[in-house]
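Trainee: Sequence and predicted structure, then a few things I'm wondering about:
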Amino acid sequence: MQAAIIIFPGSNREHDVCLAWKLATGHEPLRVWHGDSILPDADLVILPGGFAHGDYLRCGAMAARAPIMREVKARAERGTPVLGICNGFQVLTEAGLLPGALQKNGRLRFLCEPASLVVTSTASVLTAGSSVGDRLVIPINHFSGNYTCDGDTLARLVAEDRVVLRYAHNPNGSVDAIAGITNEAGNVVGLMPHPERASHELLGSTDGLVLLRSFVAARRLAPSA
């Protein structure tokens, strides 16, 4: 079992993700540079948080056009589980792998605090190991984490059970208090909170491991990439 962590210029959570991954699985993940055009054999792909390319255009817009993203898209289409955390979520929306967009937080405030989340769907590789209604405490750390989409997209996400996590107390103004969504197949998930920062008792919560271990288990269901 192997996971690939995609690193962009400005990524700053890849080390946290790698440490959390080792706690969850006992394995060291691969680190893959955004400029590479070949994605090594991997059962799972993770896009970590940070500020890809400095976020000088739109968050994730330049990263979504990196050479490695062509391979990430191809793997996702073949069923490989793909997870985007914070800036990784922004990249997935810009790449068209998830609908909607992330905009600046309400009241234009940077937020770095624990967030109470509610699992609202188990129809994804990230939440299949949870139960609907479960409460998780996982930190957020973003300025542009306010999820938005048009009314038709929101209605489709809700009708298709693709809103996987909501904030118990909406901190950033996200439409319908959305904290995480999945694609139609359930194998691509984006969320703004950082499960890797809730992976050890010393960090104040181990709730992030609930999600990461579900993601690990999902690779057994994925077709060979």
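Mentor: Noted; the coordinates are in hand.
Trainee: only C-alpha atoms for contact and neighbour calcs from this point on.
Mentor: Will do.
Trainee: Sticking with T153, tell me its helix or strand.
Mentor: Element membership for T153 (DSSP states H and E) is helix 151-159.
Trainee: what inclination does the helix or strand that that helix is followed by have with respect to helix 151-159?
Mentor: For helix 151-159, the following helix or strand on the C-terminal side (DSSP H and E) is strand 163-167. Calculated by axes from the mean of the first three to the mean of the last three Cα atoms, to 10 degrees, strand 163-167 forms an angle of 100 degrees with helix 151-159.
Trainee: Within the sheet, what are the partner strands of strand 163-167, with directions?
Mentor: strand 111-119 (antiparallel), strand 178-182 (antiparallel) (DSSP bridges).
Trainee: Deepest in the core, which of those strands is it.
Mentor: strand 178-182 (a mean of 28; mean count of other Cα atoms under 10 Å).
Trainee: Now find how far off-centre it is within its chain.
Mentor: How far strand 178-182 lies from its chain's middle: 9 Å, per Cα atoms, centre = their mean, to the nearest Å.
Trainee: Where does pLDDT dip in this protein?
Mentor: Within the chain, the set of residues satisfying pLDDT under 70 comprises 219-225.
Trainee: Would you mind listing the outside residues contacting stretch 170-180?
Mentor: 105-106, 111, 115, 117, 145-149, 163-169, 189-193 (Cα atoms under 8 Å, 6 or more residues apart in numbering).
Trainee: Just the buried ones out of those residues, please.
Mentor: When the contacts of stretch 170-180 are checked for burial by 16 or more other Cα atoms under 10 Å, the buried set is 105-106, 111, 115, 117, 145-148, 163-168, 189-193.
Trainee: What segments of this protein are helices?
Mentor: With DSSP state H as the criterion, the chain has helices at 14-25, 67-77, 87-94, 151-159, 207-218.
Trainee: and the gap between the closest residue to M192 other than its chain neighbours and A63?
Mentor: Take M192 and drop its neighbours on the chain: the residue closest to it by Cα to Cα, 6 or more residues apart in numbering is C86, 4.1 Å away. Relative to A63, C86 is positioned 13 Å away (Cα to Cα, to the nearest Å).
Trainee: tally of neighbours for F110?
Mentor: For F110, the count of nearby residues is 16 (other Cα atoms under 10 Å).
Trainee: Contact partners for it?
Mentor: F110 neighbours (Cα under 8 Å, 6+ apart): N141, H142, F143, S144.
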